[in-house]
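Engineer: any chance you could fold what I've pasted below:
(2 chains, ligands or ions: 2)
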Amino acid sequence: MKIACLIKQVPDTETRIRIKPDRSGIEESDIKYIVSPYCEFAVEEALRVKEKAGGGEATVISLGPDRVVEAIRTALAMGIDKGIHIDSEGKSFDSYATAVVLANVLRDRGFDMILCGKQAIDGDNGQVGPMIAELLDIPQVMIIERLELTADKKGVTATRRVAGGGKEVYEISFPALFGCEKGLNVPRYASLPGIMKAKTKPIEKLKSSDLLNGALPLVQWANYQLPPERMAGKKIEGDLAYQAHELVRLLREEAKVI
Amino acid sequence: MSEIVVLCEHQNEKIKKTSLELLSKAHDLAGQLSGKVIALFIGTGMEPLVSELGLYGADSAVLAEHSLLDRYNTLGYAQAVCQAVEQFKPSILLGTASPLGKDLFPRVAARLKTGLASDCTDIRLEGGKLIASRPVYSGKAFVDVVFNTPLQMATTRPNSFPIKTLETGKTAKVVRLNLNLSSLRCPMKELGQGETGRVDLTEAEIIVSGGRAMANADNFKILREMAQVIGASVGASRAAVDSGYAPHDMQVGQTGKVVNPKLYMACGISGAIQHLAGMRTSKVIVAINKDPEAPIFGKADYGIVGDLFTLVPLLTQEFKKLLAE
Ligand SMILES: Cc1cc2nc3c(=O)[nH]c(=O)nc-3n(C[C@H](O)[C@H](O)[C@H](O)COP(=O)(O)OP(=O)(O)OC[C@H]3O[C@@H](n4cnc5c(N)ncnc54)[C@H](O)[C@@H]3O)c2cc1C
Ligand SMILES: Nc1ncnc2c1ncn2[C@@H]1O[C@H](COP(=O)(O)O)[C@@H](O)[C@H]1O
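Structural biologist: Ligands and ions are numbered 1, 2, ... in the order given. Here you go, the predicted model:
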């Protein structure tokens, strides 16, 4: 079983975002980076599938600047076998160009299963997975919360949750791509021996410029802004009965939401 | 090339509210472009859905009807959408950022090699071109997406636009799309229905959420009781989910659902940055917390310092009284 998991390195969830004065992007100094949480679910799932399949090889792939090697090492420390770092060479890519680069790495390497996050929590696009699946002409299921190998180990049953608590179940044979949602698993922490071992695991180096096929950006991002600051509103004082009555009155008469 | 195609979602023989919102918005945009709004439906048995469409501003309804598309299927739906684009050559293609839209639209965008802005909270026209505003970094910033492609695609977050009905409705013309589809590559095997009447958090207009303070799963029933009275859905913080008080699909926040209701009531939730990321676009926020220093009060329109276990039942009674009037 050959599994690929795609990970993106993103600013820590605690990060206070600051916008550049010309509004062309965010200030990147002093940012602490982490593996995007949904990509961690992908890493964990790759390890579990490998364990259940009784063997195989899991590869972690990340496109980005040199710092993303740290994210790759984190995945290797969790137990992934090897890494591929595609150097973004100082450029940034939109979802489509990212998908073209990653699809070109994935193509012809014989992966049975490609796992990615449902979205990366920087751009929150949720686009790269299905775009890769399209470029590779393989099926996909996004936002999965359950994955089970079929008895013959040639495919999986994937479950995703849809509006109103409904569930869709797909039975899909490999190769296929899956976008991971919270609830799928609980990612393990890297053990100390894991961290030591990760240092000796191979990381293949590729260049994005060799893999872009001349893809041009289909969209541009402009005019970065902070959201309007929410101001503290009214604190309702008084005894409990009054507070409850007054809140309900305000929601009806002032806010007009009830 | 100034038609706008809106992919309309439907469930239980009804057009989803989020799609009606989008039709209203598309009607506005089409007015500015002197174009037409085409409502695209994919599935089976959709004829009864289209009778009132004109009221919401649709000029025509396109039915991509096929027995194989009775249930959602990425590849089948993608084919239907691409065929509609080919036939009607719109300049804008819109859908909802729902589980369906999130699975389908990027796939279609890659196939058509066209720009896509996902999960937008606003769309507008500038010089005849679409500009889509969307939250990034989980709502800690916003960007405008500009398109380099002639077709411009966007999915929008539920509850982003008001539904407007026209005074004199148009009569939406019904067109059938002949799908060339003989088999499906990966059909859905099973569709488990959710509880009937339960509105998903991402689409809910009112949400009542509980945090770590709920202390156990059982206590959530006081929130459910209040929610039932005001037609709300119930959410939870990650602390409540991780402690096993609520299932993970109830989690609101950066690694949970991003919600956009008109009223969000946070009960016993401190207001961590990751929780705020999921609910900061709510129109009105209410905080109930016994700690006057809780950060959530800094973001709430109305706050009550107090014990939720006494306040919530009192509120439920007050809501009942009000709504009985
Ligand atoms: C990578 C990452 C992702 C995360 N993603 C999310 C996410 O998606 N969603 C999310 O919510 N969090 C997320 N978090 C966690 C977040 O940082 C907080 O830990 C979490 O939101 C706290 O939940 P809480 O407010 O319920 O609990 P606490 O912070 O413990 O707050 C409980 C509050 O209840 C109040 N209280 C106690 N008893 C009562 C009572 N009887 N009546 C009234 N008030 C009472 C207390 O004063 C306190 O303010 C994430 C964290 C990380 C690191
Ligand atoms: N630069 C990247 N390198 C590797 N994987 C990526 C990259 N960007 C996106 N992905 C994968 O695609 C998923 C969705 O990302 P996005 O479409 O950017 O929200 C992520 O969770 C990753 O699994």
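
Engineer: what pLDDT does the model give the residue in the stretch 51-200 of chain B that chain A sits nearest to?
Structural biologist: The stretch 51-200 of chain B approaches chain A most closely through residue B:194 (2.9 Å), counting by CB to the nearest CB. For glycine as for every other residue, the C-beta is placed from the backbone atoms N, C-alpha and C. We have a pLDDT of 72 for residue B:194.

Engineer: cool, residue B:13 as well?
Structural biologist: 86.

Engineer: what sits against it?
Structural biologist: B:45, B:48-49 (CB atoms under 8 Å, 6 or more residues apart in numbering or on different chains).

Engineer: between the residues you listed, which is nearest ligand 2?
Structural biologist: Using CB to the nearest ligand atom, residue B:49 is the member of the contacts of residue B:13 that sits closest to ligand 2, with 31.7 Å.

Engineer: hang on, isn't the closest one packed against residue B:16?
Structural biologist: No. Judged on CB atoms under 8 Å, residue B:49 makes no contact with residue B:16 at a distance of 10.3 Å.

Engineer: domain-wise, how is the chain divided?
Structural biologist: Picked chain A for this. Using automatic domain parsing, the domain parsing of chain A gives A:2-210, A:230-258.

Engineer: the chain in question should be chain B.
Structural biologist: B:3-176, B:201-324.

Engineer: just to revisit the earlier point, hang on, the residue of the stretch 51-200 of chain B closest to chain A in a strand?
Structural biologist: No. Residue B:194 is assigned coil when assessed by DSSP: H, G, I helix; E, B strand; the rest coil, not a strand.

Engineer: show me the contacts for the nearest residue to it once chain neighbours are set aside.
Structural biologist: Leaving aside its chain neighbours, residue B:194 sits nearest to residue A:165 (2.9 Å; criterion: CB to CB, 6 or more residues apart in numbering or on different chains). By CB under 8 Å, 6+ apart, the contact list for residue A:165 reads B:194-195, B:198, B:200, B:249.

Engineer: shared neighbours, residue B:49 and residue B:16?
Structural biologist: With CB under 8 Å, 6+ apart, residue B:49 and residue B:16 have common neighbours B:8, B:10.

Engineer: which SS class is the spatially most central residue of chain B?
Structural biologist: Compute the mean C-alpha point of chain B, and by CA atoms, centre = their mean the closest residue is residue B:158, 2.5 Å away. Three-state assignment for residue B:158 (three-state DSSP): coil.

Engineer: list the contacts for it?
Structural biologist: Shown in contact with residue B:158 (CB under 8 Å, 6+ apart): B:17-18, B:21, B:96-98, B:202-203, B:260.

Engineer: do that again at 10 Å, thanks
Structural biologist: Residues near residue B:158 by CB atoms under 10 Å, 6 or more residues apart in numbering or on different chains: A:163, B:16-19, B:21-22, B:96-98, B:101, B:119, B:199-205, B:259-261.

Engineer: could you measure from the residue in chain A positioned nearest to ligand 2 over to residue A:219?
Structural biologist: Nearest residue of chain A to ligand 2, counting by CB to the nearest ligand atom: residue A:117, 2.4 Å away. In this view, residue A:117 and residue A:219 are 20 Å apart by CB to CB, to the nearest Å.

Engineer: quick one: the helices in chain A?
Structural biologist: Secondary structure of chain A, counting by DSSP state H: helices at A:37-53, A:68-78, A:95-106, A:128-136, A:192-198, A:240-253.
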